[in-house]
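Peer 1: I need the structure of the sequence given here:
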Amino acid sequence: MTQHQAAIQYNPNEQSTLSPQEQQTYEQAMEKLTSNLRGDVIQPGDAAYEAERKVWNGLFDRYPAAIVRCVDTEDVTAAVNFARDRKMTLSVRSGGHSIPGYGSNDGGLTIDLSNLKTITIDPVRRTARLEPGLSWGEVANTLQPFGLAMTAGDVASVGVGGLLLGGGIGWMVRAYGLTIDRVRSVELVTADGQMVRASADENPELFWGLRGGGGNFGIATAFEVNLHPGGTILGGAVFYEATEAERILKEYARLAAAAPDELSTEAMLALAPPAPFIPPDKQGTPIVGILVCYTGDLSEGERVVAPLRQLATPIADLIAPMPYSNIFALTEIGEVRGLQHHGRSLFFEMFSDEILHTLVEATQSVLSPETMVSLRVLGGAMSRVAPDATAFAHRDKQGMVLITHFAPLSADAASLAARTQHVFQALLPYGSGVYAGFVADEGEQRVRDIYPPATYDRLVALKNHYDPTNLFGLNQNIKPTVPVTLAAPVSS
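Peer 2: Sure, this is the predicted structure:
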């Protein structure tokens, strides 16, 4: 099969359209690819295929023609060349937590980075080299003995690769900024199979785009990052009955916005889970949870956090000193693979009383065991980076909301999606942009909402240079705009 012919497509529910000669050519090419790899190639019929083809969001049930489990950069390069030369649809995944299921596809090639897990730490310089298949829980646990940390996402099983290209609004966002703000350099395999390094001094324009532009320009195989103090934090959550949800959230937003940078927080509306720390008579009832992460002097943290623990009479208070790595226990539900997830999100200039009233009213009308609506007060270190310093440009936003409904596959997907959409539509008139990590497959206009126009145009120029054929198209996609023959170099 030549690169000018149609790509191989595989679907177990459809009869193959390949001629015997094409099938033989493809099989020979796969044998050659397999022989050139240190990692594994998993194909339909292999014992591991059924498990490996599945991704975190169970809504997506896709059947790639092959899954390449890479173990080094050379494997990644070989897989990229293979997919490009055969014009195959290409998916890339590290942790696999993509809400729109971009970590797999039907009939194409999936490059799985989950075996790239090397972490090298320099505790004196407070730097580390991370490979993309690491999870943030693994990173936190490895750094903990050194008293160091790396601000990251909420869920331990989220992969380093995806978050470090998309932004990284996490547990210490007000103290240490976005995860991308800690990046020193990125090693990248581009669409032409070349290895490039991007940093402030080397390919600086690409370095700018990689910090927020997602997987549009290649496959990151390593990141050098600046670490920050970790050790013991004041973390956990306090839960209140939701009978006064609007008043509690208004007071939360005021206190969180006025708090020192050392305190990052998140509030949520949900039904109380059947957990040991929830009194039996409160389980299944509406609650407001306030999640906190204070990094710094613990006695000062107790003083700062105290007002958030007194917004009403708590039904449970789990806030205590803990190793930073332990805070991921608050979001263990997010690690469960195979649930269907319906998520929408919005940034806000700030949380007004009107927005919070609308949020509570809309959420309470759809609240169910599958519902979780979370809101964050941002600002702090994240907001003090210039908006054009990285491709993540919503530095000025003071608030963010994530609306999600998750449930087993047996649940009514249409109902879950409708409830998510109900809250989203109620808040949409107040919204101002969106976070790339919390966007479903919502179309080109929604991708443009991730980036201001000047940022988007600058990303298109990078895309035209590094991936003019859009090989890396399964992501929040920046579409190239020039024919391949007219792609011009990007000045650095």
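Peer 1: quick one: the strands in the stretch 201-350 of the chain?
Peer 2: 219-226, 228-229, 232-241, 263-271, 286-294, 316-317, 320-323, 340-348 (DSSP state E, counting those that start in this stretch).
Peer 1: just checking, what packs against the third one?
Peer 2: Put plainly, it is strand 232-241. Judged by 3 or more CB pairs under 8 Å, 6 or more residues apart in numbering; DSSP states H and E, strand 232-241 is in contact with strand 286-294, helix 298-305, strand 316-317, strand 320-323. To be clear about C-beta, it is placed using only N, CA and C from the backbone, and glycine gets the same treatment.
Peer 1: circling back: make CSV from the strands of the stretch 201-350 of the chain and add distance to residue 380 to it.
Peer 2: Shown next, in CSV, are the strands of the stretch 201-350 of the chain (distance: least, CB to CB, whole Å):
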stretch, distance to residue 380
strand 219-226, 17
strand 228-229, 13
strand 232-241, 15
strand 263-271, 7
strand 286-294, 12
strand 316-317, 24
strand 320-323, 21
strand 340-348, 15
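Peer 1: Show me which residues of the helix or strand of the chain with the lowest mean pLDDT are buried.
Peer 2: Each helix and strand of the chain was given a mean pLDDT (mean pLDDT, DSSP states H and E); the minimum falls on helix 20-35 at a mean of 85. Using 16 or more other CB atoms under 10 Å as the test for burial, helix 20-35 gives 25-26, 30, 33.
Peer 1: Tell me which of the helices and strands packed on strand 232-241 is the most buried.
Peer 2: strand 286-294 (a mean of 24; mean count of other CB atoms under 10 Å).
Peer 1: Sheet partners, orientation included, of that one?
Peer 2: Sheet pairing for strand 286-294, assigned by DSSP bridges, gives strand 232-241 (antiparallel), strand 263-271 (antiparallel).
Peer 1: Indicate which one of the ones you listed is closest to residue 102.
Peer 2: Comparison of the strands paired with strand 286-294 against residue 102 by CB to CB identifies strand 263-271 as nearest, at 24.9 Å.
Peer 1: Could you tell me the angle between the direction of that closest one and that of helix 298-305?
Peer 2: 50 degrees (axes from the mean of the first three to the mean of the last three CA atoms, to 10 degrees).
Peer 1: can you dump the C-alpha coordinates of strand 263-271 into PDB?
Peer 2: Provided in PDB are the C-alpha atoms of strand 263-271 (Å, rounded to 0.1, in the frame of the first residue of the first chain):
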ATOM      1  CA  LEU A 263      -4.300  28.800  49.200                       C
ATOM      2  CA  SER A 264      -5.900  27.200  46.200                       C
ATOM      3  CA  THR A 265      -9.500  26.000  46.500                       C
ATOM      4  CA  GLU A 266     -12.300  24.400  44.700                       C
ATOM      5  CA  ALA A 267     -16.000  24.200  45.600                       C
ATOM      6  CA  MET A 268     -18.500  21.600  44.400                       C
ATOM      7  CA  LEU A 269     -22.200  20.800  44.300                       C
ATOM      8  CA  ALA A 270     -23.200  17.100  44.500                       C
ATOM      9  CA  LEU A 271     -25.100  14.500  46.400                       C
END
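Peer 1: any idea of the mean pLDDT in that strand?
Peer 2: In this model, strand 263-271 has an average pLDDT of 98.
Peer 1: State the pair within the buried residues of helix 20-35 that is farthest apart.
Peer 2: 25 and 33 (12.8 Å).
Peer 1: For the least confident helix or strand of the chain, C-alpha coordinates in CSV please.
Peer 2: Extracted in CSV, the C-alpha atoms of helix 20-35 (Å, rounded to 0.1, in the frame of the first residue of the first chain):
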residue,chain,number,x,y,z
PRO,A,20,-5.9,-9.5,-1.0
GLN,A,21,-2.8,-7.7,-2.4
GLU,A,22,-3.5,-4.7,-0.2
GLN,A,23,-4.0,-6.8,2.8
GLN,A,24,-0.8,-8.6,2.2
THR,A,25,1.1,-5.4,1.8
TYR,A,26,-0.3,-4.0,5.0
GLU,A,27,0.5,-7.1,7.0
GLN,A,28,4.1,-7.0,5.7
ALA,A,29,4.4,-3.3,6.7
MET,A,30,3.1,-4.2,10.2
GLU,A,31,5.6,-7.0,10.5
LYS,A,32,8.4,-4.5,9.5
LEU,A,33,7.2,-2.0,12.0
THR,A,34,7.0,-4.6,14.8
SER,A,35,10.5,-5.8,14.1
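Peer 1: Mind checking what helix or strand follows it in sequence?
Peer 2: Downstream of helix 20-35, the first helix or strand assigned by DSSP states H and E is strand 40-42.
Peer 1: What are the buried residues along the next helix or strand after that following strand?
Peer 2: Downstream of strand 40-42, the first helix or strand assigned by DSSP H and E is helix 49-52. By neighbour count on 16+ other CB under 10 Å, the buried set for helix 49-52 is 49, 52.
Peer 1: quick one: contacts of helix 49-52?
Peer 2: The contact list for helix 49-52, computed with CB atoms under 8 Å, 6 or more residues apart in numbering, reads 42-43, 67, 69, 112.
Peer 1: send the alpha carbons of that helix over as PDB?
Peer 2: Taking C-alpha atoms only, helix 49-52 is exported to PDB below (Å, rounded to 0.1, in the frame of the first residue of the first chain):
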ATOM      1  CA  TYR A  49      -6.300  -5.800  22.300                       C
ATOM      2  CA  GLU A  50      -9.700  -5.500  23.900                       C
ATOM      3  CA  ALA A  51      -8.300  -4.000  27.100                       C
ATOM      4  CA  GLU A  52      -5.800  -1.800  25.300                       C
END
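Peer 1: In the sheet, which residues pair with the residue nearest to residue 95 when sequence neighbours are not counted? Tell me.
Peer 2: Residue nearest to residue 95 in three dimensions, not counting chain neighbours: residue 159, with 2.4 Å by CB to CB, 6 or more residues apart in numbering. Per DSSP bridges, the residues bridged to residue 159 are residue 135.
Peer 1: Thank you kindly, that will do.
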